[in-house]
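Chemist: Dropping a prediction and its sequence here:
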Amino acid sequence: MKEFIIETQHLTKQYGQQKSVSDLNIHVRPGHIYGLLGRNGAGKTTTMKMLLGLTKATSGNIKVMGRDIEKYRLEILPQIGSLIESPGFYPNLTGTENLEIFARLRRIEDKKRAIQSALELVNLPYKDKKLFSQYSLGMKQRLAIALSVMHDPQILILDEPINGLDPIGIAEVRGFIRGLCDVRNKTILISSHILSELQHLATVYGFLNKGILLEEISSEALHAKCANCIELTVSDAEKYTVLLEKIFPEENYKVLPGNTIRIYKPHETAESFSRLAAKNDVYITKMQTLQTSLEDYYMELKKRGAVKC
C-alpha cells in the first residue's frame, strides 16, 4: 500500500499575476479524513478542482494512489467521488429517479443495488415519491453525497458539504462522513471555511491562507499543541489586566466581552491568578480551563506564517 493516497508536490495555480494556490504540498494517508481549512478564497476549491482535473495546474505534480493524475487520469477518476458544486439534479424528479439517470451515465452495472446502498447510507428512502424540488437543503446535500458514493469510490473529495446546514443537518452529515471512513474505509478530503465544523471529524488538518499551506498536522498533534488557556470573568477587567502586566508580564492574554479575560499558555497556575485578584480587591465570578479553539489556532498560524514541514 502506498504511504499517501493523495500527494501534491509544489502545486501552484496562477491566474495572471495572482496565485490562487502556491507551492502546495499536502499528504493524505489511506483511511483518513483530511480537513482542508481556510477562509473563503484561501484556495480550497481550486486545489480540489486540480485534484479532479477540472482545472489545470500552472506547475507542480499531483499523485493519486501513487500515480500521476496527468498521465493516468482516466484510470484514477473512477476511483474518486466528489462534491464540488451542487450537482445538476432535475427538480421535477425524485431522488431515486435522479440517481438512476446518473447511474446510467456512469454505466454502473447493478444500478438498483448501488442506488439503494447510497440512499441507505444517507438515510434517504428508496423509491420515495417526494420530488427533488420539495427537498430541504439538508436532504439535497444528503442526495449529493449519495451521488458521490454511488459508484463505491476509494476516495471522496467534498468541498464545503455542510455549508449552510442547520445544526441537526451538520450533525447528520458528520455522521455519514464518519461512517464512510470508519465502516467503509474510505479516504476523505473535506474542506470548510468554518473551522469548528471539522473539529470533531478530521484526523489530519491542512490550514490554508491565500493559497499557502500554513501547516499540516494530525488531530493528535494539534490537540497537544493547543495548550490549555485559563478564562476568568472578573469584576473589573481593566484593573485586572493592569495587574497582570505588572506582576505577570510574560502572560499572553486577550480581553473578551463581559469583563472576561483569556490567558493563553499560562506560565502561572490558576491559584496564582486567583490570589492576584483577591489581594487587589478584584472579584472573580467565574474561572475555567479551556483548550485553544481551532479558530484561535488558525489566527495564530496566520500571524506566524507557514510552518516548515
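Modeler: Yes, it's here.
Chemist: which of the residues in stretch 275-293 are buried?
Modeler: Under the neighbour-count criterion of 16 or more other Cβ atoms under 10 Å, stretch 275-293 has 276-277, 282, 284, 292 buried. Backbone N, C-alpha and C define where each C-beta goes, glycine included.
Chemist: Among these, name the ones in strands.
Modeler: In this view, these that belong to strands under DSSP state E are I284.
Chemist: Just flag the most distant two among the buried residues of stretch 275-293.
Modeler: Using Cβ to Cβ, the buried residues of stretch 275-293 span at most 24.6 Å, a distance reached by V282 and T292.
Chemist: Could you identify the longest helix within this protein?
Modeler: For the chain, the helix that runs over the most residues, judged by DSSP state H, is helix 167-182.
Chemist: helices or strands next to that helix in the packing?
Modeler: strand 33-37, helix 111-121, helix 137-149, strand 155-159, strand 187-192 (3 or more Cβ pairs under 8 Å, 6 or more residues apart in numbering; DSSP states H and E).
Chemist: Just put those in CSV and tack on mean neighbour count.
Modeler: Rendered in CSV, the data for the helices and strands packed on helix 167-182 read as follows (neighbours: other Cβ atoms under 10 Å):
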stretch, mean neighbour count
strand 33-37, 25
helix 111-121, 17
helix 137-149, 21
strand 155-159, 23
strand 187-192, 24
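Chemist: so what are the domain limits for the protein?
Modeler: Under the assignment automatic domain parsing, the domains of the chain span 6-218, 227-291.
Chemist: Looking at those domains, which one is packed in the most?
Modeler: domain 6-218 (a mean of 18; mean count of other Cβ atoms under 10 Å).
Chemist: can I assume G258 is in contact with V234?
Modeler: No - G258 is beyond contact range of V234, at 9.9 Å (criterion: Cβ atoms under 8 Å).
Chemist: give me the beta-bridge partners of the spatially closest residue to K44 that is not a sequence neighbour?
Modeler: Closest residue in space to K44, ignoring its immediate chain neighbours: S191 at 4.1 Å, by Cβ to Cβ, 6 or more residues apart in numbering. S191 forms beta bridges with L36, D159, as assigned by DSSP bridges.
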